[in-house]
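In: Structure of the sequence below:
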Amino acid sequence: MAWQETMATAPAIPRFGGWAQLYARYRPAYPADLMGRLSEALVGRRLCVELGAGTGKATEALLGLFDRVVAVEPDPAMANALTPHPRLSVLERRAEDVRLPAGEADAVTAFTALHWMDVDRVLKRAATWLRPGGVFFGCGLAPAQFPGAPAAMSSVLRAYARRWRGHTHGRLTGWRSVAAHLSDAASFTDPEPFEVYADFLWSPQETAGFLLTTSFGQAFARATGDPDQAFETLTQDLAATVRGSLIGVRIPVEGALARRC
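Out: Numbering: from 1, shown residues only. Here you go, the predicted model:
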């Protein structure tokens, strides 16, 4: 596995391009229930603007809902990992800097990305892009749960959580929900919060890969000086606790949607 730094020093807001391969391989697609919730809220399906598209974990599903998708992703390595599609346009820039025609989008989405943005500024821009009644749909991943995990694995995870704590970005420690942000935005109706769950059975390698796609997992891996070895060590530590068994992982997905007034 090739881990690459995209910048000599860590930026104020994490850039994930050095982990694009890991992200594409180990981040799961978003659950069908989540996409179903978006689908039910739509009043039009012509255009969706996807903010913080990453490697495209939601993009394929959005292409199944809309005639056209504009994927906004500031990190070149992540943007380059998006699968080309004739109905997909990719803008390699920050959401805060995007200029789009007013009143043309049926939806603006942000999947596990809004907290890395200037939220007030982005929501103001999103409101101008949306047609009246258009939907803003944002969500994020809550900490993974491990139902039925053996005591030894829980102990390993707690030990890693203590190591990762010091690498947690202030955007996470100062977390505000999507619903709270939308409540503050004058251009949107009362937000509708939601929570869905994605359940998986993963190998220790898949579990380690997912955990190291988090911003704090990546920061920890970099800090060790050998990210590849950090991945291998976490995989081995988890494998030793389950002895060939798969690991049950539940990922809560929390968010909210609101309509443009």
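
In: ok now do the residue nearest to the spatial centre of the chain, which residues does it touch?
Out: The residue lying closest to the centre of the chain (C-alpha atoms, centre = their mean) is residue 112, at 2.8 Å. Shown in contact with residue 112 (C-beta atoms under 8 Å, 6 or more residues apart in numbering): 52, 54, 139, 140, 141. Backbone N, C-alpha and C define where each C-beta goes, glycine included.

In: Output the below-cut-off pLDDT ranges for the stretch 1-150 of the chain.
Out: For the stretch 1-150 of the chain, the stretches with pLDDT under 70 are 1-18.

In: what about the strands in it?
Out: 47-51, 68-72, 88-91, 105-111, 130-141 (DSSP state E, counting those that start in this stretch).

In: Just checking: what are the partner strands of the second one?
Out: Spelled out, that is strand 68-72. strand 47-51 (parallel), strand 88-91 (parallel) (DSSP bridges).

In: What are the buried residues along the last one?
Out: Neighbour-count burial for strand 88-91, counted by 16 or more other C-beta atoms under 10 Å, picks out 88, 90, 91.

In: follow-up on the earlier one: would you mind measuring from the residue nearest to the centre of the chain to residue 57?
Out: 8 Å (C-beta to C-beta, to the nearest Å).

In: ok, now residue 166?
Out: Counting by C-beta to C-beta, the gap from residue 166 to residue 57 is 27 Å.

In: Look at these two and report which has more neighbours.
Out: residue 57 (16 against 10; other C-beta atoms under 10 Å).

In: got a list of what that one touches?
Out: Contacts of residue 57 by C-beta under 8 Å, 6+ apart are 27, 28, 29, 30, 111.

In: pLDDT below threshold where in the stretch 151-261 of the chain?
Out: In the stretch 151-261 of the chain (pLDDT under 70), no residue qualifies.

In: so residue 46 makes contact with residue 68?
Out: Yes. Taking contacts as C-beta atoms under 8 Å, residue 46 lies within contact range of residue 68: 6.7 Å.

In: neighbour-wise, which of those two wins?
Out: Set residue 46 next to residue 68 and count neighbours by other C-beta under 10 Å: residue 68 wins out with 19 against 13.

In: Centre of the chain to the edge, which residue is at the far end?
Out: Distance-from-mean max, the chain, by C-alpha atoms, centre = their mean: residue 243 at 30.4 Å.

In: got the phi/psi numbers for that residue?
Out: phi 50, psi 60 (degrees, to the nearest 10).

In: how about the closest residue to residue 234 other than its chain neighbours, what does it touch?
Out: Leaving aside its sequence neighbours, residue 234 sits nearest to residue 208 (C-beta to C-beta, 6 or more residues apart in numbering; 4.1 Å). Shown in contact with residue 208 (C-beta under 8 Å, 6+ apart): 231, 234, 235, 238.

In: mind listing what's buried in the host helix or strand of the last one?
Out: Taking DSSP states H and E as the definition, one finds residue 238 inside helix 227-242. Residues of helix 227-242 classed as buried under the neighbour-count rule (16+ other C-beta under 10 Å) are 227, 230, 231, 234, 235, 237, 238, 239, 241, 242.

In: okay, that helix in CSV with CA atoms only?
Out: This file holds the C-alpha atoms of helix 227-242, laid out as CSV (Å, rounded to 0.1, in the frame of the first residue of the first chain):
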residue,chain,number,x,y,z
PRO,A,227,2.1,4.9,8.2
ASP,A,228,2.3,1.5,6.4
GLN,A,229,3.6,-0.1,9.6
ALA,A,230,0.9,1.6,11.6
PHE,A,231,-1.7,0.0,9.3
GLU,A,232,-0.1,-3.4,9.7
THR,A,233,0.2,-3.1,13.4
LEU,A,234,-3.4,-2.2,13.9
THR,A,235,-4.5,-5.0,11.6
GLN,A,236,-2.4,-7.5,13.6
ASP,A,237,-3.6,-6.2,16.9
LEU,A,238,-7.2,-6.6,15.9
ALA,A,239,-6.6,-10.1,14.3
ALA,A,240,-5.1,-11.4,17.5
THR,A,241,-8.4,-10.7,19.3
VAL,A,242,-10.7,-12.4,16.9
